[in-house]
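Enquirer: Give the three-dimensional model of this entry:
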Amino acid sequence: MEDARLALLDRLIDHAPLFPPASLPLTAALDEDARARESASAFALARFVCPASRLQELPGLDRRLSLVLDGPLGSDPRVEAVEAPAEHALEPLIGLASEVYVEVALGAALESDLDRLAELGLRAKVRCGGISTPSARELAGFLRACHERGLVFKATAGLHHAVHRDGEHGFLNLLAAAVFGDEEEALAESAPDAFRLAPEGFSWRNRSAGAAELARARRERLHSIGSCSFFEPVAELEALGILPL
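Expert: Predicted coordinates for the structure are as follows:
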């Protein structure tokens, strides 16, 4: 039987140490990424996130990449995903990588923006913090709208905690919302003991799911989270007794 912890956490964290608030120099960022790849929780590490303009600084890096578009993008077999800002023209993004994410704003145009992404076969990207933090209701509306359209999404910014705390969203909350629905309630949950992740399944309060359901939610709903640190979210999971496996 597949381990539910692997189903939920495998390749969850897109590592973005070059970006704020970490903003590490390239050498330090690559050193941290190498330590992450050698750690006991390396299974949770997904791609190294890099601005497209700095791709030429990584000639020898044997690593799957997600490039944030800030200029022209050349061809590179390491590029697994591309991330585009909200104002980027959409049609030129089609086919740039196997996964193309477009940031969307949680405002009045959200549903029409998501309609367009679904029409073009693109994916959505949402910011959960940073300059401003969306409410649980706003973020829940995004999750529901993506689900209604069959849109895969990634989440980034502000996900420093596993569980909602001090007004900041938790990545376990996001996962629970993606797996179980009840989006607003799941996102607002602030009790760490309301969540349990064990080899046999993931539970939130009176809801539970096994490995197959978790893998489906990761594949069809929340694909990954972006974090400028790999070790901070890992430490949060260690504090909850979820890691190490």
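
Enquirer: L222 contacts L175, doesn't it?
Expert: Yes - using CB atoms under 8 Å, L222 is in contact with L175, at 6.3 Å. From N, CA and C alone the C-beta is placed, and that goes for glycine too.

Enquirer: which stretches of the chain have low pLDDT?
Expert: For the chain, no stretch has pLDDT under 70.

Enquirer: quick one: the strands in it?
Expert: Taking DSSP state E as the criterion, the chain contains strands spanning 13-15, 45-51, 65-68, 79-84, 99-103, 123-127, 153-156, 195-198, 201-204, 207-209, 222-227.

Enquirer: for the ones you listed, which one ends up most surrounded?
Expert: Of the strands of the chain, the one with the most neighbours on average (mean count of other CB atoms under 10 Å) is strand 13-15, at a mean of 26.

Enquirer: List the strands paired with that strand, with their directions.
Expert: strand 45-51 (parallel), strand 222-227 (parallel) (DSSP bridges).

Enquirer: Contacts only, for the nearest residue to E213 once chain neighbours are set aside.
Expert: Residue nearest to E213 in three dimensions, not counting chain neighbours: V179, with 6.5 Å by CB to CB, 6 or more residues apart in numbering. By CB atoms under 8 Å, 6 or more residues apart in numbering, the contact set of V179 is 8, 202, 204, 209, 213-214, 217, 221.

Enquirer: Take these and write them to TSV, including distance to L93.
Expert: As requested, these are arranged in TSV below (distance: CB to CB, whole Å):
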residue	distance to L93
L8	29
F202	33
W204	34
A209	33
E213	31
L214	29
A217	25
R221	21
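
Enquirer: For P192, state which of the residues you listed is nearest.
Expert: If you rank the contacts of V179 by distance to P192 using CB to CB, W204 comes first, at 11.2 Å.

Enquirer: Can you get me a residue count around the closest residue to the closest one other than its chain neighbours?
Expert: Of all residues not flanking W204 in the chain, A176 sits nearest, at 4.3 Å (CB to CB, 6+ apart). A176 has 29 neighbours, counted by other CB atoms under 10 Å.

Enquirer: now the one 5 residues further on
Expert: Counted by other CB under 10 Å, the residues lying close to G181 total 14.

Enquirer: Kindly report the same for P25.
Expert: 10.

Enquirer: what do you get for E232?
Expert: Considering only other CB under 10 Å, E232 is surrounded by 15 other residues.

Enquirer: Begin at 19 from now on, thanks
Expert: With the count now opening at 19, the last piece we talked about shows up as E250.

Enquirer: who touches the nearest residue to it once chain neighbours are set aside in this structure?
Expert: Spatially, and ignoring its direct neighbours in sequence, E250 is nearest to H178 (5.9 Å; CB to CB, 6+ apart). By CB under 8 Å, 6+ apart, the contact set of H178 is 147, 186, 245, 247, 250-251, 254.

Enquirer: Report the buried members of these.
Expert: 147, 245, 247, 251, 254 (16 or more other CB atoms under 10 Å).

Enquirer: Alright, calling it a day.
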